[in-house]
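Trainee: could you look at this predicted model? Sequence included:
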Amino acid sequence: MNVNKNTRVLVVDDEESLRGIVTQVLSEDGHDVTEASSAEEALEIFQKGSYPLVISDIKMSGMSGIELLQEIKKLNTDTQFIIMTSYASLDTVITAMRHGAYDYLIKPFEDIDLVTAVASRAIEKIQLIKENQQLVKELLLKNDDLKKANERLVEMAVRDGLTGLYNHRYFQESLALEVVRSLRYGHRFSLLFIDVDNFKHYNDAHGHLEGDRLLIKLSQTVKEQLRGSDIVARYGGEEFVIILPETTREDATQIAEHIRTSVAEFPFKGREIQTTGNITISMGVATFPDDGSDGTSLIKHADDLLYKAKNSGRNKVCT
């Protein structure tokens, strides 16, 4: 791409003949040139539509070129500004540069090609700015995509592939943290250990694919009954565990009963062939620190109560 073509340029000078020369040169170079006979007019034009390049006389009646430069930089810091000045006022160029002017032209022009050369350098800078901005934008998008990909990988690492619940590893880590937190603040928390009743019978009757679908739907049903702070995980097979932070045995038992009832009443596909005519779960409830001083002992206590529930008829909560 030729960076020196098709750039919108605003030429500002109260001297019509000089303004016309610059306009003619830049137009012949292939640029889209707009003229303004004063800084005030130029500013009004610029406010209606930004220009990448402005070439302006430094001394004009009314607003000066430096004042125009300052106002334009407020509107668009990326606009490149070229000052035109005479030898007599060359010292003002330094002031213009300090305010953000890119370059300058001495008038009257000794060589008309200087207009093309100075404008071309400014337009090359404009193009570089655009390319850098595009590069930054692409890098930000790539970084955002990378961040999202990493987040997905992290999420996959802690989730059960079938049910979407947290996996066994995440549960163990969360339980250890909850023990530490509860010890520090002297709080209680409870653990629910869940097993699907007669799941083998359901699998044998409907096949493993339907068995998987049942576990997925059951997981969703259980999760819907919980608070945002609760952690539900697939422990293995048809076993699930739930950590209930800041929850006493009495409150945990109520939550467990609510979950048990919700599952028993849910119209799971194929439930009618089960022994009880519906899908049910059994649960054991353990509370820290009453039923165990660490995660391992708490799991064992909840597991023992789960088997007590299953051995006493299933579809029960034991505490």
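Mentor: Alright, I've got the coordinates.
Trainee: now stretch 132-151: how far from the chain's centre is it?
Mentor: The offset between the C-alpha centroid of stretch 132-151 and the centroid of the whole chain comes to 10 Å, using CA atoms, centre = their mean, to the nearest Å.
Trainee: which residues of the stretch 1-150 of the chain fall in helices?
Mentor: 16-28, 39-48, 65-75, 92-98, 113-158 (DSSP state H, counting those that start in this stretch).
Trainee: mean confidence for the last one?
Mentor: In this model, helix 113-158 carries a mean pLDDT of 87.
Trainee: can you give me the angle it makes with helix 16-28?
Mentor: Interaxial angle of helix 113-158 relative to helix 16-28 (axes from the mean of the first three to the mean of the last three CA atoms, to 10 degrees): 50 degrees.
Trainee: for residue 231, which non-adjacent residue is closest in space?
Mentor: Computed as CB to CB, 6 or more residues apart in numbering, the closest residue to residue 231 that is not its neighbour in sequence is residue 243, at 4.2 Å. Placement of C-beta: from N, CA and C, glycine included.
Trainee: which elements pack onto the helix or strand the one you found falls within?
Mentor: Residue 243 belongs to strand 239-244 when elements are defined using DSSP states H and E. In terms of contacts (3 or more CB pairs under 8 Å, 6 or more residues apart in numbering; DSSP states H and E), strand 239-244 is packed against helix 168-185, strand 189-196, helix 208-223, strand 231-236, helix 249-265.
Trainee: single out the most deeply packed of the ones you listed.
Mentor: Of the helices and strands packed on strand 239-244, the one with the most neighbours on average (mean count of other CB atoms under 10 Å) is strand 189-196, at a mean of 25.
Trainee: need the helices of the stretch 1-150 of the chain in TSV (columns: distance to residue 259 and mean neighbour count).
Mentor: TSV is the format used below for the helices of the stretch 1-150 of the chain (distance: least, CB to CB, whole Å; neighbours: other CB atoms under 10 Å):
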stretch	distance to residue 259	mean neighbour count
helix 16-28	77	16
helix 39-48	64	17
helix 65-75	62	19
helix 92-98	72	15
helix 113-158	22	13
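Trainee: please produce JSON lines containing the ones you listed, extended by distance to residue 251.
Mentor: As requested, the helices of the stretch 1-150 of the chain are exported to JSON lines (distance: least, CB to CB, whole Å):
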{"stretch": "helix 16-28", "distance to residue 251": "79"}
{"stretch": "helix 39-48", "distance to residue 251": "65"}
{"stretch": "helix 65-75", "distance to residue 251": "61"}
{"stretch": "helix 92-98", "distance to residue 251": "70"}
{"stretch": "helix 113-158", "distance to residue 251": "26"}
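Trainee: show me the shaky parts of this protein.
Mentor: Within the chain, the segments meeting pLDDT under 70 span 1-5, 87-90.
Trainee: got the domain ranges for it?
Mentor: Per automatic domain parsing, the structural domains of the chain span 8-134, 168-318.
Trainee: and those domains: which comes nearest residue 150?
Mentor: Distances from residue 150 to each of the domains of the chain were compared using CB to CB; the minimum, 16.9 Å, belongs to domain 168-318.
Trainee: start and end of the closest one, how far apart?
Mentor: Length of domain 168-318, first residue to last, CA to CA, to the nearest Å: 23 Å.
Trainee: so what's the nearest residue to residue 95 once chain neighbours are set aside up against?
Mentor: Nearest in space to residue 95, with sequence neighbours left out and distances taken as CB to CB, 6+ apart, is residue 66 at 6.1 Å. By CB atoms under 8 Å, 6 or more residues apart in numbering, the contact list for residue 66 reads 58, 83, 92, 95-96, 99.
Trainee: next one: residue 66 from residue 37, what distance?
Mentor: Noted for residue 66: a distance of 18 Å to residue 37, by CB to CB, to the nearest Å.
Trainee: check residue 7 too.
Mentor: As judged by CB to CB, residue 7 and residue 37 stand 21 Å apart.
Trainee: when the two are compared, which one has more neighbours?
Mentor: Using other CB atoms under 10 Å as the criterion, residue 7 and residue 37 rank with residue 7 on top: 22 against 15.
Trainee: which ones are touching the more buried one?
Mentor: If you count contacts by CB under 8 Å, 6+ apart, residue 7 has them with 31-32, 52-53, 123, 126.
Trainee: likewise for residue 210?
Mentor: The neighbours of residue 210, taking CB under 8 Å, 6+ apart as the test, are 202-203, 269-270.
Trainee: can you do 10 Å?
Mentor: Under the criterion of CB atoms under 10 Å, 6 or more residues apart in numbering, the neighbours of residue 210 are 202-203, 268-270.
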